[in-house]
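Chemist: Provided below are the primary sequence and the corresponding predicted coordinates.
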Amino acid sequence: MTHVTGPGPDPEQEHAPGAASLPWAARLRGAGLRVTRQRLAVLDALDHSPHATADQVLEHVRRSLPEITVQSVYTVLHSLTDAGLLRQLDLANSPARYETRVEDNHHHAVCTACGRIEDVACAVGHAPCLTPAETHGMTIRVADVVYQGLCADCARRQAGDHPGPGAPSPRDAHQG
């Protein structure tokens, strides 16, 4: 278990009142983790906002736990990811994102204009969803696929906009 040093008690060691979060509490215990207010708040944040960044999780968690630190949120995110309760998404040109949907084999569609992320079911339904041409002796368990394109809203906006030659694309504008 990771211990955070510094003044005061380790924020992950505080016990949580649990009646409202029994499904998450049971999953935490099943993963061998203690049930804490911080862990429950992070799981709740990601339940309400899938594919959130750590900063977005922090913003949500501070509504119920205003004293939580950035380091505590990162510590919780990493411990929940290590325990298999969260999935970390590492998408191009984006900070790490997290989701609670970990028990299936799914992929993601990302809008290259606005950054919207949607879950996409695996086409064949079983992991790893794709068969590699060469495994290099590895037992492949997961294939991460990211589909990139325009969401319907951005496609409509772009159909109405006709930028002149040399104008930057929305994707280029976001890569600042």
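Modeler: Received, thanks.

Chemist: what residue is smack in the middle of this protein?
Modeler: Tyr98 (1.2 Å; C-alpha atoms, centre = their mean).

Chemist: how near is that one to Glu134?
Modeler: As judged by C-beta to C-beta, to the nearest Å, Tyr98 and Glu134 stand 31 Å apart. (Glycine included, C-beta is placed from N, CA and C.)

Chemist: And for Gln38?
Modeler: Following C-beta to C-beta, the distance that separates Gln38 from Glu134 is 43 Å.

Chemist: In terms of neighbours, single out the busier of these two.
Modeler: Gln38 (22 against 6; other C-beta atoms under 10 Å).

Chemist: right, and that one touches Ser72 too?
Modeler: Yes. Between Gln38 and Ser72 there is a contact at 5.8 Å, judged by C-beta atoms under 8 Å.

Chemist: Make sure Tyr74 is actually in contact with Asp55.
Modeler: No. Using C-beta under 8 Å, Tyr74 is not in contact with Asp55, being 10.3 Å away.

Chemist: quick one, which of those two is more surrounded?
Modeler: Tyr74 (14 against 11).

Chemist: Please work out the average pLDDT along the helix or strand containing the more buried one.
Modeler: Tyr74 belongs to helix 70-82 when assigned by DSSP states H and E. The average pLDDT for helix 70-82 rounds to 98.

Chemist: quick one: strands adjacent to whichever helix or strand comes after that helix?
Modeler: Next in sequence after helix 70-82, counting helices and strands by DSSP H and E, comes strand 87-89. Here strand 87-89 is paired, per DSSP bridges, with strand 97-99 (antiparallel).

Chemist: and the next element down the chain from the strand it pairs with?
Modeler: Downstream of strand 97-99 (by DSSP H and E), the next one is strand 106-111.

Chemist: which residues touch Val145?
Modeler: By C-beta atoms under 8 Å, 6 or more residues apart in numbering, Val145 lies in contact with His107, His108, Val120, Cys129, Leu130.

Chemist: now swap in Ser94 and tell me
Modeler: Thr53, Gly115.

Chemist: That one looks like it's in a helix, true?
Modeler: No. Counting by DSSP: H, G, I helix; E, B strand; the rest coil, Ser94 is not part of a helix but coil.

Chemist: That one and Pro132, how far apart?
Modeler: For Ser94, the distance to Pro132 - C-beta to C-beta - is 25 Å.

Chemist: With Leu77 instead?
Modeler: For Leu77, the distance to Pro132 - C-beta to C-beta - is 30 Å.

Chemist: rewinding a little: now the residue nearest to the centre of the chain: closest residue in space, sequence neighbours ignored.
Modeler: Spatial nearest neighbour of Tyr98, excluding adjacent residues (C-beta to C-beta, 6 or more residues apart in numbering): Leu86 at 5.0 Å.
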